[in-house]
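Peer 1: Here is a sequence with its predicted model. Questions after.
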Amino acid sequence: MNNGIENRHRAVLAFVGLMLVGLAVRWTAWVRAPDSAFLVDRGSDRWLVYDRPPSLQLYPLGTTAAFFRKRFLLDRRVSDWTLAVHAMRDFRAGVDGKELGRPSDGSGWKSGVLVAGAEPLPPGGHELVVIVSNRNGPPALMVRSLDLPVSAGQPWEASLDGRHWSPARPAGRVRWPEQVLAHPGTLWALARWWPWLLLAFACPLAFLSLGGRLDDQGVKRLILLGWAALGINNAWKLPVSTGFDSDLHISYMRHLLEHGSLPVAGGVTQFFQPPLYYLVSLPIYAALHDAVSLHGLVAALRCVPLLCGLGLIEVTHRMARRVFPDRPGLRSASVAVAGLCPMNIYMAQAPGNEPLAAFLTGLTLSLLLGFVLEPAGRRPVRDFAVLGAALGAAMLSKVTPFLLLPVIAAVLARHFVLTNLDWKAASARAGAFLGTALAVCGWFYARSYALFGRPFVGGWDVVGPTGWWQDPGYRVWGHFLSFGRSLTRPIFSGLAGAWDTLHSTLWLDGLLGGNALHPPPWNMAPMLLGSLLGLVPAALVLVSSRTLVGQGGPDRRPALILCWGCLAVYLAAFLDLQLRVPIFSVGKASYLLGLVPCIGILAAAGAEAFLPAPGVNGAGVPLQSQWEGGLQRAWPARVLAAALACWGLVSFCAFFVL
């Protein structure tokens, strides 16, 4: 029996592994595709760009040109010479003022265009100039040659007008804008807040050392009460500009009220979004838009995302009760990580569809968990229809929950095998799931397909008469292989790489609500400390991966595999988006907001690894839980719990506007 269960777990892991391999193959193909702005250096030959600090603003689509110049010396006559020009995207090249060949049309820019010299080059100094133009990104250039010294000697120079020259910058080196460098770092935060940090750690540690105890219900009530206080306090203190594209989300509601129909995607808007959030918020907007000030209207609209954030905490608690039925301490850890996760807190403070999509995603995961933990019971068709309705509602809020489909397919396939359903019964249940999901959200994606020829449309897609791009406009390997900037200078550290993007927007508001000019009035010192303290729950999540290799409790291993499967799929999609859309604004961990329950449960599972086995107290009475046993028998467990409490307190203080 145990071997059979283990084989099924391995089958699930194999399915997830195959899916990730498929995504990796797709990723590799995209790196090589001419449509992707992925720049790969070749040995000492590097991609170059004009050295200007990146802007956090948007650029309209239009041709941007840059001049690149290389001066070199020849000590002998070179009769036959060839250049391999890699230019993103079009180029014209010339040597010593004489144009080489015909201008490039942008085809073959990754493999390089061979340009042969028409005349021999005599000994002495020469000048190679390449003019590169790009319509939806910065011009970039790499030139290779076995005949001419274009890689050695004096560095390349670049210019925007062909008259004023400065050294060109390697595309893989980040140039930090002054407005980013003006923000303080974590050392500044430690210097200002270290006494409070020690207090936030010492108080929970003393509470636990003196035998204090707070069960999961108490932790949940305390966090919900804190959220209510934070929402009331911040309602009138936050400016109306707080949040990612909050004004554009309100414009969506205005369009619904004025036109009585869904808007059409195009330009710099949120009109491409599915409509459920805007329909839910529309009664508030309709009742108040003419009756109160804009500040009052936005304060009222914040109620919907705030309630969704509270709902996500409740979903986490319900899931944790099923995963850790006899371990209240681990349930408390799950609720604390989910409820005090900075991403969950700051996303709930502004109008937007992400919190509603996250709540419905969490609800879908909660329903799916029942299929995982109770696989042997044959479920009625109604359960599959409810699961489909939940997923459909999530997808009618945002397209991101579409990523759950492969995970749901794996879970349902496992369920059908374990319950020995015949093909008719399995088809009926699968049909109920898919039919209900399509009935709820299919019409919207069918509309998008009819309008644009594709069901999924993003804000970066050019589907109207206007479009835009944003820095950096390209990707390099260093963007995916580096990490560390977010630990020292986390604000806008996403310019350094994908993992810094993820860390700085999960454990703090590293993008300042998408508003660099008028950032939210968060308490900067404790918020920056979230970058360092967030390593505690992040490390616990990583430790929980031991369950994938057979360690940990077998009774909840399927649930943890489910959580890890969802996290793996979302992370793969996040990296895929980073690759395909090389702009700064797609770098947000908020795409993973719906997985906050998974993050909380995995963090609690990781914490269990540091606890001793349950024992008995001095009277010989068995302790109620492994967590409780750990707290009463081992200092490491107390320190870990105090560290989590310290992280949670500092996270809450960061977003309670004073």
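Peer 2: Cool, the structure landed. Numbering: from 1, shown residues only.
Peer 1: Help me confirm that residue 369 comes into contact with residue 559.
Peer 2: Yes: with contact taken as CB atoms under 8 Å, residue 369 and residue 559 are classed as touching, separated by 6.1 Å. Backbone N, C-alpha and C define where each C-beta goes, glycine included.
Peer 1: Past the host helix or strand of residue 385, which element shows up next along the chain?
Peer 2: When elements are defined using DSSP states H and E, residue 385 is found to belong to helix 381-395. Beyond helix 381-395 on the C-terminal side, the first helix or strand identified by DSSP H and E is helix 405-418.
Peer 1: about what we covered before: list the residues that contact both of residue 369 and residue 559?
Peer 2: 322, 323 (CB atoms under 8 Å, 6 or more residues apart in numbering).
Peer 1: Do a quick rundown of the strands in this protein.
Peer 2: Applying DSSP state E to the chain gives strands spanning 48-49, 58-60, 64-74, 82-88, 90-95, 98-100, 113-116, 124-134, 140-144, 157-159, 166-167, 169-170, 468-470.
Peer 1: want to throw the ones you listed into CSV with mean neighbour count and distance to residue 333?
Peer 2: What follows is the strands of the chain, written out as CSV (neighbours: other CB atoms under 10 Å; distance: least, CB to CB, whole Å):
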stretch, mean neighbour count, distance to residue 333
strand 48-49, 26, 46
strand 58-60, 14, 41
strand 64-74, 19, 50
strand 82-88, 22, 48
strand 90-95, 20, 56
strand 98-100, 14, 65
strand 113-116, 16, 58
strand 124-134, 19, 49
strand 140-144, 24, 47
strand 157-159, 20, 53
strand 166-167, 12, 52
strand 169-170, 18, 44
strand 468-470, 20, 38
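Peer 1: Show me the beta-bridge partners of residue 468.
Peer 2: Beta bridges link residue 468 to residue 60, judged by DSSP bridges.
Peer 1: Let me know whether it touches residue 60 as I believe.
Peer 2: Yes: counting by CB under 8 Å, residue 468 touches residue 60, with 5.7 Å between them.
Peer 1: Any regions of the stretch 301-450 of the chain where pLDDT drops low?
Peer 2: Per-residue confidence for the stretch 301-450 of the chain (pLDDT under 70) gives these ranges: 375-377.
Peer 1: same thing but 80
Peer 2: For the stretch 301-450 of the chain, the stretches with pLDDT under 80 are 375-378.
Peer 1: OK, contacts around the most centrally placed residue in the chain?
Peer 2: With distances taken as CA atoms, centre = their mean, residue 589 lies nearest the centre of the chain, 2.8 Å away. Taking CB under 8 Å, 6+ apart as the definition of contact, the neighbours of residue 589 are 343, 501, 502, 503, 505, 506, 574.
Peer 1: Would you quantify the distance from it to residue 609?
Peer 2: Shown here: residue 589 relative to residue 609, a distance of 24 Å by CB to CB, to the nearest Å.
Peer 1: And for residue 115?
Peer 2: As defined by CB to CB, residue 115 lies at a distance of 60 Å from residue 609.
Peer 1: try residue 541
Peer 2: Per CB to CB, residue 541 is found 12 Å from residue 609.
Peer 1: Pick out whichever of those two has more residues nearby.
Peer 2: In terms of neighbours (other CB atoms under 10 Å), residue 541 is the more surrounded of residue 541 and residue 609; the figures are 21 against 14.
Peer 1: OK, contacts around the more buried one?
Peer 2: Residue 541 makes contacts with 599, 602, 603, 606, as judged by CB under 8 Å, 6+ apart.
Peer 1: swap in residue 123?
Peer 2: Residue 123 neighbours (CB under 8 Å, 6+ apart): 74, 75, 76, 77.
Peer 1: Go through those and name the one nearest residue 365.
Peer 2: residue 74 (66.1 Å; CB to CB).
Peer 1: Spit out the contact partners of the closest one.
Peer 2: With contact set as CB under 8 Å, 6+ apart, residue 74 has these partners: 121, 122, 123, 124, 126, 148, 149.
Peer 1: cutoff 7 Å now
Peer 2: 121, 123, 124, 126 (CB atoms under 7 Å, 6 or more residues apart in numbering).
Peer 1: again, but for residue 385
Peer 2: Contact analysis of residue 385 by CB under 7 Å, 6+ apart lists 432, 433, 436.
Peer 1: repeat for residue 609
Peer 2: 543, 546.
Peer 1: Phi and psi next, for it.
Peer 2: When quoted as degrees, to the nearest 10, the phi and psi of residue 609 stand at phi -60, psi -20.
Peer 1: Let me know the pLDDT of it.
Peer 2: According to the prediction, residue 609 has pLDDT 82.
Peer 1: same thing with residue 75?
Peer 2: Residue 75 is assigned a pLDDT of 90 by the prediction.
Peer 1: Just give the number of residues close to it.
Peer 2: The tally of other residues near residue 75 (other CB under 10 Å) stands at 8.
Peer 1: Once you drop chain neighbours, what's closest to it?
Peer 2: Ranked by CB to CB, 6 or more residues apart in numbering and with sequence neighbours excluded, the top spatial neighbour of residue 75 is residue 123, at 5.9 Å.
Peer 1: Please report the distance of the one you found from residue 76.
Peer 2: When CB to CB is the yardstick, residue 123 and residue 76 sit 6 Å from each other.
Peer 1: Spit out the contact partners of the closest residue to residue 295 other than its chain neighbours.
Peer 2: With CB to CB, 6+ apart as the measure, residue 240 is the residue that lies nearest to residue 295, at 5.7 Å, once sequence neighbours are left out. Going by CB under 7 Å, 6+ apart, residue 240 touches 294, 295, 298.
Peer 1: and if we set it to 8 Å?
Peer 2: Each residue near residue 240 by CB under 8 Å, 6+ apart is listed here: 246, 247, 294, 295, 298.
Peer 1: quick one, phi/psi of it?
Peer 2: Here the main-chain torsion angles of residue 240 (degrees, to the nearest 10) amount to phi -70, psi -20.
Peer 1: Could you do the one 4 residues further on as well?
Peer 2: The phi and psi torsions at residue 244 (degrees, to the nearest 10) take the values phi -70, psi 110.
Peer 1: count of neighbours near it?
Peer 2: By other CB under 10 Å, the residues close to residue 244 number 20.
Peer 1: How about it: what's its closest non-neighbour residue?
Peer 2: If the residues on either side of it in the chain are set aside, residue 244 comes closest to residue 514, at 4.1 Å by CB to CB, 6+ apart.
Peer 1: Isn't the one you found up against residue 584?
Peer 2: No: when contacts are counted by CB under 8 Å, residue 514 is not listed as touching residue 584 (9.9 Å).
Peer 1: Please report the distance of residue 609 from residue 72.
Peer 2: Distance of residue 609 to residue 72, computed by CB to CB: 60 Å.
Peer 1: sorry, that was for residue 591
Peer 2: 47 Å.
Peer 1: Low-confidence stretches in the stretch 51-200 of the chain?
Peer 2: Low-confidence segments of the stretch 51-200 of the chain, defined by pLDDT under 80: 55-58, 60-62, 101-108, 151-154.
Peer 1: How about the contacts made by residue 373?
Peer 2: If you count contacts by CB under 8 Å, 6+ apart, then residue 373 has 322, 323, 556, 558, 559 around it.
Peer 1: Setting aside sequence neighbours, what's the nearest residue to residue 58?
Peer 2: Here the residue nearest residue 58, using CB to CB, 6+ apart, is residue 468, at 4.5 Å.
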